[in-house]
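Student: take a look and give me a structure for this.
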Amino acid sequence: MDAKFTFENGFRRLAAQPTVEILTEAEVTHLDATGDTVRAVRYRQGGQERSVRGELIVLGANAIHSPAILLRSGLDHPFTGLGINEQVGYSAEAFIDGIDNFDGGTLTTSLNYMQYDGEFRKTGGGALVYFENRWLYGLRTEYGRWRQLVPLTVAVEDMPKDANRITVDADGMPRVLYASVSEYAQRGVERSFAGLERILAPLPVESLNFVRMHPTESHIQGSLRMGRDPSSSVVDARQIHHRLRNLVVVGSAVFPTCPPANPSLTVAALSLRSADLIA
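Tutor: Predicted coordinates:
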C-alpha cells in the first residue's frame, strides 16, 4: 500500500523536476568555507573526491554525522557535537484478571499523557506511556490466560549534558562519547514507574512488573543546538548557523531539549518553518 512516508513516495514529483539532481552513494566529507560563507560541499563517490558549489547549503545528516562533518571541516563552534541525547526508555508489563488483550490492529493501541507534563518536571523528566499491541516478552503461562497482560513502553525526557558529545578520530570518523543519562532522567524513570499504578487503575491489575531498561530509543538529537545566543548554541531560530550564514541545519540535531515524544513530526515542522522563514 506504500502508506508509510519515504523519500521515494513523498518526494517523487520533486525528484522528477528537471532542475533537481539526486546523487546516490555519495558521502559528504567536508564543507569548504571562507569567512562566514560555505562555498562548496566535498563528497566521495565511486572512489573519487568531488565537490559541488552552492549559494545556500542545507545540512541534514542526523545528530551524529552533521556535527562530524562540521568538525572534520574545521568548523568547530564550541558547542558543535555537545549534548547529544535521546529519550530514556524502559519496558513494564501488567498482568490483568479476566480481560484478554491484543485485539487492536496497530502496533501501539494508545498513548497516555498523564505523566507527560506538570509541576513534577521541575525535578524529574516527563514520560510518555505506550500501550503495546505485541507480546514483547511472551504470553502468560497459565492455561486460558495467555493474553491477559498489558505490555508497556515508557519514554522519559532527558536533560542534555555537555559530557555526552560527538567527536571525530584521527581518520575523521565520528565517535560518540556518551557518559551517562542525567539524574533528571533517572528521577523521571523512578517517578513514572511509580505512576503507572494510577494510569492502570481502571483495569483489574494483578501485578505490575518492571521488565528492563532499553539500550536506546534510536532518536539521536541535540548535538547542534538551536538558540538565540551564539555563545551557547550552534544555530539560530531559523536553523541558520550562527557564523556560517548560508548554512541551514535541519533534523533533530538542532533540538535544544529532549522531549519524551518521537521527534519525526517536530523535525518536519521545524524544517518547513525554516524554509518559510528563509524564503
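Student: flag every buried residue along whichever helix or strand Leu270 is part of.
Tutor: If you go by DSSP states H and E, Leu270 is part of helix 264-278. Under the neighbour-count criterion of 16 or more other CB atoms under 10 Å, helix 264-278 has 267, 270-271, 274 buried. Every residue, glycine included, has its C-beta placed from N, CA and C.
Student: could you pull out the helices for the stretch 151-279 of the chain?
Tutor: 183-199, 264-278 (DSSP state H, counting those that start in this stretch).
Student: distance from the longest one to the middle of the chain?
Tutor: Computed by CA atoms, centre = their mean, to the nearest Å, the chain-centroid distance of helix 183-199 equals 21 Å.
Student: quick thing: my sequence starts at 10, can you match it?
Tutor: With the count now opening at 10, the last piece we talked about shows up as helix 192-208.
Student: pLDDT on that helix, on average?
Tutor: What helix 192-208 shows for mean pLDDT is 98.
Student: only alpha carbons, please: show it as CSV.
Tutor: Extracted in CSV, the C-alpha atoms of helix 192-208 (Å, rounded to 0.1, in the frame of the first residue of the first chain):
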residue,chain,number,x,y,z
GLU,A,192,19.9,12.4,37.2
TYR,A,193,16.9,14.3,36.0
ALA,A,194,16.0,11.4,33.6
GLN,A,195,16.7,8.9,36.3
ARG,A,196,14.3,10.6,38.7
GLY,A,197,11.8,10.6,35.8
VAL,A,198,12.1,6.9,35.3
GLU,A,199,11.5,6.2,39.0
ARG,A,200,8.6,8.6,39.2
SER,A,201,6.9,7.4,36.0
PHE,A,202,7.1,3.7,37.0
ALA,A,203,5.5,4.6,40.4
GLY,A,204,2.8,6.5,38.5
LEU,A,205,1.8,3.5,36.3
GLU,A,206,-0.4,2.1,39.0
ARG,A,207,-2.6,5.3,38.8
ILE,A,208,-2.7,5.1,35.0
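Student: same for it, what does it pack against?
Tutor: If contacts are counted by 3 or more CB pairs under 8 Å, 6 or more residues apart in numbering; DSSP states H and E, helix 192-208 sits against strand 97-105, strand 136-141, strand 158-165, strand 214-222.
Student: quick check: angle from the shortest one to strand 158-165?
Tutor: Right, the one you point to is strand 136-141. For strand 136-141 against strand 158-165, the angle by axes from the mean of the first three to the mean of the last three CA atoms, to 10 degrees is 150 degrees.
Student: give me the domain ranges for this structure.
Tutor: 16-92+230-287, 97-173+185-222 (automatic domain parsing).
Student: out of the ones you listed, which comes closest to Ala179?
Tutor: For the domains of the chain, proximity to Ala179 was assessed by CB to CB; domain 16-92+230-287 is nearest, at 11.3 Å.
Student: all strands of the stretch 10-159 of the chain, in order?
Tutor: 35-43, 46-54, 57-62, 66-68, 97-105, 117-121, 136-141, 158-165 (DSSP state E, counting those that start in this stretch).
Student: quick one, which of these gets closest to Thr28.
Tutor: strand 57-62 (14.1 Å).
Student: what lines up beside that closest one in the sheet?
Tutor: strand 46-54 (antiparallel) (DSSP bridges).
Student: which residues does the partner strand contact?
Tutor: 32, 34-42, 58-63, 66, 253-256 (CB atoms under 8 Å, 6 or more residues apart in numbering).
Student: ok, of those residues, which come out buried?
Tutor: The buried subset of the contacts of strand 46-54 (16+ other CB under 10 Å) comprises 37-40, 42, 66, 253, 255-256.
Student: below-threshold pLDDT in the stretch 160-288 of the chain: ranges please.
Tutor: Under the criterion pLDDT under 70, no range of the stretch 160-288 of the chain is flagged.
Student: tell me which residues in stretch 259-274 are buried?
Tutor: 259-264, 267-272.
Student: list the residues that contact the spatially closest residue to Arg254 that is not a sequence neighbour.
Tutor: Among residues not flanking Arg254 along the chain, Asp45 sits closest, at 5.1 Å (CB to CB, 6 or more residues apart in numbering). By CB under 8 Å, 6+ apart, the residues touching Asp45 are 252-254.
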